[in-house]
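**Q** coords please:
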Amino acid sequence: MALPLLVTMGDPAGIGPEIVVKSLLSRPDWRSDTVVVGDAIVLQRAMALVRPDRGSALDAMPLVELSSLADLPAAPPGALVFVQGCVGGALPAWGRVDGVAGRMAADCIEWAARQVLQGRARAMVTAPVHKEALAAAGVEHPGHTEMLQALAAEQAGVPVSAMPVRMMLSAPGLATVLVSIHVALRTAIEAVSIESVFETIRITHEHFRRAGVDRPRIAVAGLNPHAGEGGLFGREEVDHIAPAIERALALGLDVSGPHPPDTVFMRARQGHFDVVVAMYHDQGLIPVKLLGVEHGVNTTLGLPMVRTSPDHGTAFDIAGTGRAGADSLMAAIEAARTASRHQAGH
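**A** Next up is the predicted model:
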């Protein structure tokens, strides 16, 4: 039997547990090799929330707890199988920032990541967490990407700086990879350097090669309007971005730019490029989310494992209403399954 794919429940005060249940309810074929990392009471509440609309289907998907991943082959067919990945307790209220919820979510992420890093699972998909809840729980990392980077570096016995990672957001027709992630805009501008841009290009190239694209076409966006107009609107393109591109070209990579940021995403969607390297969080994520957040996938590049997530947050405003859509999480699960197959082939 193939190694399992793990799905973390996300923040229990948000829509994560609900969309996890809906995803596996919609795809019975996934249940035989998918294990949810969560909390029994949280998942029971999510199933009760989904039941009014899908009661009869839920009857055929019992909730079954495993004591370890090795017990998966003995699980009843069709069950929603989970492991207790955190300390249980009082149920967090729907739609509120709660340090208890943040701790439960963080513990599930850590448990799942260690299983993948130690070769007991083939990939992990993470339901949304809330950054304020993580901070309230005392988690030192602002989000999934930074947390997984630290865990992977620890597992490898190297400093975090020796394991650079990048965030890729993709929707049908467009993929973008970010030079910087969750930092203030002023800090993001300062983070544009020859080394950071080159590392992003290199990590992006390696990811697409592992995904089966022999020669990925990488477009690099500029930072300033019109990509700086030769230094008239800023020197970042001249001093940092263009030299990084030249360095990548010298290694034989198919990379071009710096392109004007206001047109490069459109050109990528028209098929001129496979992926766009964006200079900061909102530059790269706004066009992807505009195309359809309901189908977007977040993939962490540079890790020694496969990790994807949906391209949306905890949606506290609709948590507990039963109205959350699972399309983005399902796209993330499908992406993780595909990526893990490609990596196994290498």
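
**Q** so which bits of the host helix or strand of E206 are buried?
**A** Assigned by DSSP states H and E, E206 belongs to helix 194-210. By neighbour count with 16 or more other Cβ atoms under 10 Å, helix 194-210 contains the buried residues 194, 196-205, 207-208. C-beta: built from backbone N, CA, C; applies to glycine.

**Q** from these, which single one is nearest I318?
**A** For these, the minimum distance to I318 (Cβ to Cβ) is 32.7 Å, reached by H207.

**Q** residue contacts, that closest one?
**A** 168, 299, 301-302 (Cβ atoms under 8 Å, 6 or more residues apart in numbering).

**Q** out of those, which is most surrounded?
**A** M168 (24 neighbours; other Cβ atoms under 10 Å).

**Q** what about the closest residue to G320 other than its chain neighbours, neighbour count?
**A** Among residues not flanking G320 along the chain, W94 sits closest, at 3.3 Å (Cβ to Cβ, 6 or more residues apart in numbering). Using other Cβ under 10 Å, W94 has 17 other residues around it.

**Q** where do the strands of the stretch 201-346 of the chain begin and end?
**A** For the stretch 201-346 of the chain, the strands defined by DSSP state E, counting those that start in this stretch cover 218-221, 255-259, 275-278, 297-301, 307-310.

**Q** give me the sheet partners of the last one and which way each runs.
**A** In other words, strand 307-310. Within its sheet, strand 307-310 is paired with strand 123-126 (parallel), strand 297-301 (antiparallel), according to DSSP bridges.

**Q** mean pLDDT for these - can I get that in a markdown table?
**A** Listed next are the strands paired with strand 307-310 as a markdown table, based on pLDDT from 0 to 100:
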| stretch | mean pLDDT |
| --- | --- |
| strand 123-126 | 98 |
| strand 297-301 | 95 |
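
**Q** V183: which of those is closest?
**A** strand 297-301 (16.4 Å).

**Q** the inter-axis angle of that closest one versus helix 194-210?
**A** Interaxial angle of strand 297-301 relative to helix 194-210 (axes from the mean of the first three to the mean of the last three Cα atoms, to 10 degrees): 110 degrees.

**Q** so that it lines up with my notes, have the first residue be 724 from now on.
**A** In the new count, where the first residue is 724, that last one comes out as strand 1020-1024.

**Q** CA-only coordinates of strand 1020-1024 in CSV, if you can.
**A** C-alpha atoms of strand 1020-1024 as CSV (Å, rounded to 0.1, in the frame of the first residue of the first chain):
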residue,chain,number,x,y,z
VAL,A,1020,-3.5,26.2,-4.6
ASN,A,1021,-0.6,27.2,-2.4
THR,A,1022,2.5,25.1,-2.8
THR,A,1023,5.7,25.4,-0.7
LEU,A,1024,8.8,25.1,-2.9
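
**Q** closest one of the buried residues of helix 917-933 to G1007?
**A** T923 (10.5 Å).

**Q** OK, contacts around the closest one?
**A** 889, 900-902, 1000.

**Q** V961 versus that one, what's the distance?
**A** For T923, the distance to V961 (Cβ to Cβ, to the nearest Å) stands at 18 Å.

**Q** got a list of what V787 touches?
**A** Per Cβ under 8 Å, 6+ apart, neighbours of V787: 798-799, 802-805.

**Q** wasn't it part of a strand?
**A** Yes. Counting by DSSP: H, G, I helix; E, B strand; the rest coil, V787 is part of a strand.

**Q** now stretch 925-932: average pLDDT?
**A** Mean per-residue pLDDT for stretch 925-932: 96.

**Q** distance from the chain centre to that stretch, please.
**A** Chain-centre distance of stretch 925-932: 16 Å, with Cα atoms, centre = their mean, to the nearest Å.

**Q** list of residues touching stretch 789-802?
**A** So stretch 789-802 is contacted by 724, 727, 751, 754-756, 758, 783-787, 804-806, 838, 843-844 (Cβ under 8 Å, 6+ apart).

**Q** now do it: distance to the chain's middle.
**A** 26 Å.
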